[in-house]
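*Asks:* can you look at this prediction? I've put the sequence above it.
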Amino acid sequence: MNIRHLALAVMSALALGSAGAEAQTFPSKAGRIVVGFAPGGNTDLVARITAQKLGELWGQTVITDNRPGASGMIAGEIVAKAAPDGYTLLLTPQTSIAVAPALYGKAPYDPAKDFTPITLAGSSPLLMVVHPSFPAKTLSEFMALAKKSKANSLTFGSGGIGSSPHMAGELLAATLGIKMNHVPYKGENPALTDTVGGQIPIMFGNLPVAVPFVQSGKLRGLANTASTRSPLAPTIPTVAESGIRDFSIATWSAVLGPAGMPAELAARIQRDIKRVYNQPETRDRLVGMGVDIICDTPEEFGAFLRNEITRYARDRKSTRLNSSHTDISRMPSSA
């Protein structure tokens, strides 16, 4: 063995030793989970449950830090620039990691290089909902209505540009060969408020957040975007059931840290998330929200993430993700 190879071997051994020691002493102080969306949405709810349960397990305070804006990229940039010590984590849907960088072309970070994948925590389906006064009572009726309507005469809302609900709306429009006007909000709750108030007629939202409004009669559910019906909304058919085969899109919730986190530290956090998600109380809360718990390993999530980044970059070319948006600041404020 020459001197160069010996030096590399020593450095590798030191790095492994440091990583192991860091994982063994973690956590020794308070931490935070950064969320790129306003309180009350699906991602925020999952983050709050995760932060609470990790805090209880670790014996440390773990706060939820909401930093909405720029399709979640503000939160992503905060985490990308944080120390890779495990105390600053990002819990995000595909929006800020896979969609927004493809959508905007230039993000304040490289999603493939500036983060450490920790786990794909879970996924949940989306609902297409409409105001009760909307003439279509089923997706089939909506399809017939849309094809008779002028381009961009139908308006749908979502929790933000590049969000998975936005993607669902654009993908459905592209599949049907129609054009709809998109109204992006800073979070799902404002979008739901305006849909309930009749300011926008159509919305795509995460199922756990939208279902209560459907159950109360304030909104009408037209379709579930997943491949199967949800037990939380068993009477709402899937898009595929209405004749659009192979249509399936869901919101996934993933946990990432800054690039440079020791592998053992990332694995430790993944194991702890899986452990708290497997607690009966936590599992019941998440499943009750419509979340399909996954909690895969950092390696498995890393491979999935690379595929998703490639897929959304490809999908951008076949949809209208960068056009026809209404500035909600010019719309009347909701009651």
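*Replies:* In hand now; what should we look at?

*Asks:* can we go C-alpha only for contacts and neighbour counts from here?
*Replies:* OK.

*Asks:* and V130, how far from T195?
*Replies:* To T195, V130 is 7 Å away according to Cα to Cα, to the nearest Å.

*Asks:* ditto for I236
*Replies:* Taking Cα to Cα, one finds I236 at 18 Å from T195.

*Asks:* out of these two, which sits in the busier spot?
*Replies:* Between I236 and T195, counted using other Cα atoms under 10 Å, T195 has the larger neighbour count: 24 against 20.

*Asks:* correct me, but the more buried one touches H131?
*Replies:* Yes - assessed by Cα atoms under 8 Å, T195 is found in contact with H131 at 6.1 Å.

*Asks:* now the common contact residues for these two.
*Replies:* Taking Cα atoms under 8 Å, 6 or more residues apart in numbering as the criterion, T195 and H131 both touch 201-202, 219.

*Asks:* between these, which is closest to V62?
*Replies:* L219 (35.1 Å; Cα to Cα).

*Asks:* can you confirm G221 is in a strand?
*Replies:* Yes - per DSSP: H, G, I helix; E, B strand; the rest coil, G221 lies within a strand segment.

*Asks:* and the nearest residue to it once chain neighbours are set aside, what helix or strand is that in?
*Replies:* Excluding the flanking residues, the one nearest G221 by Cα to Cα, 6 or more residues apart in numbering is V129, at 4.4 Å. If you go by DSSP states H and E, V129 is part of strand 115-130.

*Asks:* mind checking the pLDDT average for that strand?
*Replies:* What strand 115-130 shows for mean pLDDT is 96.

*Asks:* within its sheet, name the partner strands of it and how each one runs.
*Replies:* According to DSSP bridges, strand 115-130 forms sheet pairs with strand 202-206 (antiparallel), strand 220-224 (antiparallel), strand 250-258 (antiparallel), strand 292-293 (antiparallel).

*Asks:* give me the angle between the helix or strand just after it and strand 220-224.
*Replies:* Using DSSP H and E, the helix or strand that follows strand 115-130 towards the C-terminus is helix 139-148. Using axes from the mean of the first three to the mean of the last three Cα atoms, to 10 degrees, the inter-axis angle of helix 139-148 relative to strand 220-224 is 90 degrees.

*Asks:* what lies in contact with helix 139-148?
*Replies:* For helix 139-148, contacts defined as Cα under 8 Å, 6+ apart pick out 136, 154, 176, 178, 222-223, 239, 242.

*Asks:* and these, which of them are buried?
*Replies:* Listed as buried from those are 136, 154, 178, 222-223, 239; burial here means 16 or more other Cα atoms under 10 Å.

*Asks:* next, format the strands paired with strand 115-130 as CSV and append distance to A80.
*Replies:* Formatted as CSV, the strands paired with strand 115-130 follow (distance: least, Cα to Cα, whole Å):
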stretch, distance to A80
strand 202-206, 26
strand 220-224, 34
strand 250-258, 5
strand 292-293, 25
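
*Asks:* what is the nearest of the shared contacts of T195 and H131 to A38?
*Replies:* Sorting the shared contacts of T195 and H131 by distance to A38 puts I202 at the head of the list, at 20.4 Å, by Cα to Cα.

*Asks:* show me what the host helix or strand of D284 is packed up against.
*Replies:* Using DSSP H and E, D284 falls within helix 280-288. Packing partners of helix 280-288 (3 or more Cα pairs under 8 Å, 6 or more residues apart in numbering; DSSP states H and E): helix 42-58, strand 292-293.

*Asks:* show me the shaky parts of this structure.
*Replies:* 1-23, 315-335 (pLDDT under 70).

*Asks:* hmm, back to that, so which of the strands paired with strand 115-130 is the most surrounded?
*Replies:* strand 202-206 (a mean of 30; mean count of other Cα atoms under 10 Å).

*Asks:* ok, back up a step: direction-wise, compare the helix holding D284 with helix 42-58 and give the angle.
*Replies:* If you take the same axes, to 10 degrees, helix 280-288 sits at 170 degrees to helix 42-58.

*Asks:* buried ones in helix 280-288?
*Replies:* 282-283, 286-287.

*Asks:* pull the most distant pair out of the residues you listed.
*Replies:* Pairwise distances across the buried residues of helix 280-288 (Cα to Cα) peak at 8.5 Å, for the pair T282 and V287.

*Asks:* buried ones in stretch 181-192?
*Replies:* Neighbour-count burial for stretch 181-192, counted by 16+ other Cα under 10 Å, picks out 181-192.

*Asks:* what are the buried residues along stretch 265-285?
*Replies:* By neighbour count on 16+ other Cα under 10 Å, the buried set for stretch 265-285 is 265-274, 276-277, 282-283.

*Asks:* just the strands in this structure please.
*Replies:* Under the criterion DSSP state E, the chain contains strands at 31-35, 62-66, 88-92, 115-130, 155-158, 181-184, 202-206, 220-224, 250-258, 292-293.

*Asks:* render the CA-only coordinates of the helix holding D284 in CSV, please.
*Replies:* Only the C-alpha atoms of helix 280-288 are listed here, as CSV (Å, rounded to 0.1, in the frame of the first residue of the first chain):
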residue,chain,number,x,y,z
PRO,A,280,-50.2,2.5,17.6
GLU,A,281,-51.4,6.0,18.5
THR,A,282,-49.2,7.7,15.8
ARG,A,283,-50.1,5.1,13.2
ASP,A,284,-53.8,5.5,13.9
ARG,A,285,-53.5,9.3,13.5
LEU,A,286,-51.6,9.1,10.2
VAL,A,287,-53.8,6.4,8.7
GLY,A,288,-56.8,8.3,9.9
